[in-house]
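Novice: Let's see this in three dimensions:
(3 chains)
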Amino acid sequence: MKLKKINWTHQYTLLVLVALSFMVSAHLSSHFLDPTYLLTASTNFVETGIMALAMTVVILLGEIDLSVACNLALTAALTGVLWAHFGWPLPLACVAGLTVAALAGLGNGLLVTRLQLPSLTVTLGSMALLRGAAQVLVGDHSITGFPNWFIGVDQRVVGPLPAITLLLVGTAVAWWAFLTRSVRGRMTEAAGANPVAARLAGIPVDAIRVRAFVVSGLVAGICGLMMTSRVGAARWDMAQGRELDVITAVVLGGTDINGGEASIPGTMLALLLIGVMRTGMGLAEINAETQHVAVGILLAASIAVPNLLKRRNRHKAVNAI
Amino acid sequence: MNSNKMVLAATAAAIASTVFGCKPKTASVVNEAPVTGTVRVCFIPKNTGNPYFDAVNNGFVQASSALHFKYTEQAPAAADATDQIPIIQQQVQDGVNVIAISPNSPDALDPAIRAAEQHGVRVITIDADLTGNENLRSACVLPTDFSKLGASQIELMGSLIGYKGGFAILSATTDAPNQNAWIAGMKEALKLPKYAGMHLLEVAYGNDDPQKSLLEAQSLMTKYPQLKGILSPTTVGIAAAAQAVETAGAAGKVQVTGLGTPNQMRRFVEDGTVQKFALWDPAQMGYTAGYLAEGLAKGTIHPAPGVTFTAGTEGKRVFGANNVISNGPLVVFTKSNIGQYHF
Amino acid sequence: MRVTGNLLRRMVRAREFGVMAFLVIALAIAALLAPRFYAPQNLRNLLLDTPLVVTVGMGMTAVIVCRQIDLSVGSIVAVSGMVVGEIYRSHPGMPTPFAMAVGMGVGVILGMGNALLVTYLKVPSIITTLGTMSIYRGLAFVIAGGRQINPNDIPARLVSLSITSPIGIPALALVALFIFLLTHAFLGWSRAGRAVYATGSNPDAARLNGLAPNSIIAGSFIACGALAGLAGVMYASRYGFVNPAQTGNGFELQVIAATVIGGTQVTGGSGTAVGTLLGCILLAAISNVLTVAHLSGRWQLAAYGAIILVAIVADSLGRRQSMKVAA
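Specialist: Sure, this is the predicted structure:
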């Protein structure tokens, strides 16, 4: 039984766009086609990517998690404070940070399922609460001086490849395998595609939703540690507004914002597209505002254009009769 | 269930690769050879759309047209250190010779700056320094002699309130290094007998956010009905304080001064809400940094404490401790001279 | 006795009761924590801190009642402020009502952009406005061309709207009050207002009843845009400058938070102007108290988050309770 029809046209379009933006970038700057540089640049998008993968599943289930970037900041702040001010060993502080991140996700999930509250409102609230908590913990200060083994995760390499980029690809493969090959993954897809039918079929839809929020929280926490390691500092205002980048990647990848249809390869392609565009435009010295505008147009167009074409075709069909 | 195990294995392998991935060999050869062709300089301000940095940018442009180096400005959308990292990487890749940066954080940029230096790009800081990590950059251009700034601000406030009464400071964020150094200087100056009649009621923080700064300035007036003045050593704060005093109809009752740009403060000075305030010329600072950048790349300037160089029409500049250049003097703006300044 | 009892019961059941209760509690805590909160000067500050959020909140209420959302309002505030500011720069004599009309006109155009994408091209509103949020922000930068609108570009008569009016209350507050009354009358008493609720609670049923959900949704986006455009002019008056990056940044979340706290359901179909007004006052009061009590900055965001969560949880529990009672 095929539960959902993957929108292949959308993925091909994305692939074409990636290729196109590659060519344009290479044309705009002669320094673009340098594998070493591109691999280094890829590390800047890993946190967004890993969070986007977890978000794909949250959105598949018809929910949304606006609190990811704030959860990221709280994990970083809490880990930093426990280590720097309370003298905890760093690994233990990391575990504590991740635990709180997962608990924050659990909180979101329980409010959404038990009280039947819309996730948009719940995570709007927890977004302020979590970042607020990070601010209460560290104020305006940066926590720095992390030991050498902890910092510079983006500079670790496996052969020629940055380790965290590999981690992103590995995570994507794992998510893809989970959703398409495992029983639980199939159940998750079913819960997203038709929650009522899934419930009747005995699938624990609510438990799956809670789990998705917990994973989303935990993943945000991991990204918090990763970003702390990457920049060597923990602050309350890390990754501000990053949740929008994450959601943009998911939606651009062809996942239906209303749930029911999701594509892990799509999310990865969209991330690649955004990454290539941003990097290429940055190299070509196109300013930050224009980069934002370009991604915004792409996002709206990714849904508007197919809808427009559909409308055209329908008109044609009607005229033919 | 087999596939579940597969997923688990894939995840574990991915995590292991991160943890046990080896750190790359650090490139030890740092290219310090002077640049022979056209020098390329990039200025990375704290954020885009900030009038203060636009003025700095103008100074760079002037220097670049005088010295014929290729100059660009690339600003992040938000004043966030993580947004400056990709820009540094892009500029390095693009082959610039010198990066002049106003760092959004004294430490979060370390890895990126270190990588830039390893690629033979010289990095200088401007307007703010990498406090505690000064060895990472070649030199730093600060707008004025920061050690004297606090005292001169107190004198400015004192002269406005007749050296008597309570006043408050409206600062940026609690951990802004420049602000804290200046506030410390102010507190030191207040110990002098000349200022014995003045007392500091509170240091409030507006985070350099106009809305928050306005709210803080309002609440200062609410909390201290006897408040004589607000001293705000930040351009966002002083404009917000002036706006708050003006809307509260307290002009003349509460004096506002500090550091501000003439363009932002012009109306308040003309309508009498603000009598005088100070600032250095940010364009001059950009101009000096432009000359420094070119000299560094060409190998004509070798920064070390005590070394001097000539910054075009601005004259001689000298490196102090930690290779810091304190640029121009403070200008005090009043109704009579504000017309001559446009930044 | 009985009449008062009924009245009390009706009050408790009213959707706005929750936020009202929160407001009372917050004000009581304010009295303990910072008695200065009640100084006339501070109450005046409070009156100045709410108008922008109230004005846009009214439009947002209509949008959310329609089961939509508008994330682009902050960027619209910036575009409108920049346009009006640029006109002031070249024509300092522009009359204030004209400036407001220009601001609203800009808002209408940008709101139409949202409406077109949502209704004609069927792009879900959260995606549409996520996209236009970036696009409109970029537009503000294009108009600015690297220069912000400085205080001396903004004429004193516009600023005076934030200082006083013929009756002593700052004119900005009166504008917001007027917008509130208008929205209240529209949503509560007009046929079109009822169509908004019908569209939000069940678009298909609304269509079957001869309503045109698409036009109503489009109308709500255009109204919300117009009000955000007006808020751009109000921003220039209140803060005395317009900056393409800072103006309206994060404003959308403030507005949505105030609307949601006021009892408007993001699932559509319910919400009132009164609730949103109270939500705006509550949020402004909290940030004001925290500032006066010297707990500013550090605690504000966390307090906001906690209040939003507590408010929606209390609201949901209250609704279940009343459903049980009804059964």
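Novice: Hmm, A:Ser263 and A:Val57 touching each other?
Specialist: No - between A:Val57 and A:Ser263 no contact is recorded; they are 11.2 Å apart, counting by CB atoms under 8 Å. For the C-beta atoms, the positions are set from N, CA and C on the backbone; glycine is no exception.
Novice: Low-confidence ranges, the stretch 201-321 of chain A, go.
Specialist: When residues are selected by pLDDT under 70, those of the stretch 201-321 of chain A lie in A:318-321.
Novice: Could you show which parts of it are in contact with chain B?
Specialist: Remark: the part of the stretch 201-321 of chain A in contact with chain B comprises A:227, A:230-233, A:235, A:237-241, A:278-279, A:282-283, A:285, A:287-289, A:292, using CB under 8 Å from any CB of the partner chain.
Novice: List only those of those flagged as buried.
Specialist: The neighbour-count test (16 or more other CB atoms under 10 Å in any protein chain shown) marks A:227, A:230-233, A:235, A:237-240, A:278-279, A:282-283, A:285, A:287-289, A:292 as buried among these.
Novice: now, which of these lie within helices?
Specialist: The helices in this structure, assigned by DSSP state H, contain A:227, A:230-231, A:278-279, A:282-283, A:288-289, A:292 from those.
Novice: Look up phi and psi at A:Leu161.
Specialist: Comment: the main-chain dihedrals of A:Leu161 come out as phi -100, psi 140, following degrees, to the nearest 10.
Novice: buried sites along the helix or strand C:Thr199 falls within?
Specialist: Using DSSP states H and E, the element containing C:Thr199 is helix C:191-201. Residues C:193, C:195-201 are the ones in helix C:191-201 that count as buried (16+ other CB under 10 Å).
Novice: Could you save those residues as TSV and add columns showing pLDDT and distance to A:Ala207?
Specialist: Compiled in TSV, these are given as follows (pLDDT from 0 to 100; distance: CB to CB, whole Å):
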residue	pLDDT	distance to A:Ala207
C:Gly193	93	41
C:Ala195	93	40
C:Val196	94	37
C:Tyr197	95	35
C:Ala198	94	36
C:Thr199	94	34
C:Gly200	93	30
C:Ser201	92	30
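Novice: element containing B:Leu170, please.
Specialist: With DSSP H and E as the criterion, B:Leu170 is inside strand B:165-171.
Novice: quick one: is the helix or strand harbouring C:Val63 near chain B?
Specialist: C:Val63 is part of helix C:51-65, with elements assigned from DSSP H and E. No - Helix C:51-65 lies apart from chain B when judged by CB under 8 Å from any CB; the minimum separation is 9.5 Å.
Novice: got the angle between the helix or strand just after that helix and helix C:51-65?
Specialist: Scanning the chain past helix C:51-65 towards its C-terminal end, the next helix or strand to appear is helix C:73-90 (assignment: DSSP H and E). With axes from the mean of the first three to the mean of the last three CA atoms, to 10 degrees as the criterion, the two stretches helix C:73-90 and helix C:51-65 enclose an angle of 140 degrees.
Novice: Now do the residue nearest to A:Arg131 when sequence neighbours are not counted against A:Glu47, distance only.
Specialist: Closest residue to A:Arg131 in three dimensions, ignoring its sequence neighbours and counting by CB to CB, 6 or more residues apart in numbering or on different chains: A:Cys70, at 3.9 Å. Taking CB to CB, to the nearest Å as the measure, A:Cys70 and A:Glu47 are separated by 13 Å.
Novice: Okay, helices next: where are they in the stretch 201-327 of chain C?
Specialist: Listed from the start of the chain, the stretch 201-327 of chain C has helices (DSSP state H, counting those that start in this stretch) covering C:203-208, C:213-239, C:251-261, C:273-292, C:300-326.
Novice: how about those helices, which one is nearest A:Gly107?
Specialist: With CB to CB as the criterion, A:Gly107 lies closest to helix C:300-326 of the helices of the stretch 201-327 of chain C, at 8.8 Å.
Novice: Indicate whether that closest one makes contact with chain A.
Specialist: Yes - contact between helix C:300-326 and chain A, assessed by CB under 8 Å from any CB, occurs at C:300-306, C:308-309, C:312-313, C:316-317.
Novice: Now restrict the residues you listed to buried residues only.
Specialist: Restricting the residues of helix C:300-326 next to chain A to buried positions leaves C:300-306, C:308-309, C:312, C:316, with burial counted as 16+ other CB under 10 Å.
Novice: Could I get the full set of helices for chain B?
Specialist: Here chain B has its helices, by DSSP H, at B:2-20, B:51-67, B:81-94, B:110-118, B:146-161, B:177-190, B:210-223, B:235-247, B:262-270, B:282-298.
Novice: Give me the spatial nearest neighbour of the closest residue to chain C within the stretch 1-150 of chain B, chain neighbours excluded.
Specialist: In the stretch 1-150 of chain B, the residue found nearest to chain C is B:Gly49; the distance is 3.6 Å by CB to the nearest CB. Spatially, and ignoring its direct neighbours in sequence, B:Gly49 is nearest to C:Ala245 (3.6 Å; CB to CB, 6+ apart).
Novice: now A:Leu244
Specialist: The shortest distance from A:Leu244 to any residue other than its chain neighbours is 6.2 Å, reached at C:Leu130 (CB to CB, 6+ apart).
Novice: Isn't that neighbour up against A:Ser302?
Specialist: No - judged on CB under 8 Å, C:Leu130 makes no contact with A:Ser302 at a distance of 11.5 Å.
Novice: got any residues that touch both of the two?
Specialist: Both C:Leu130 and A:Ser302 are in contact with A:Val251, where contact means CB atoms under 8 Å, 6 or more residues apart in numbering or on different chains.
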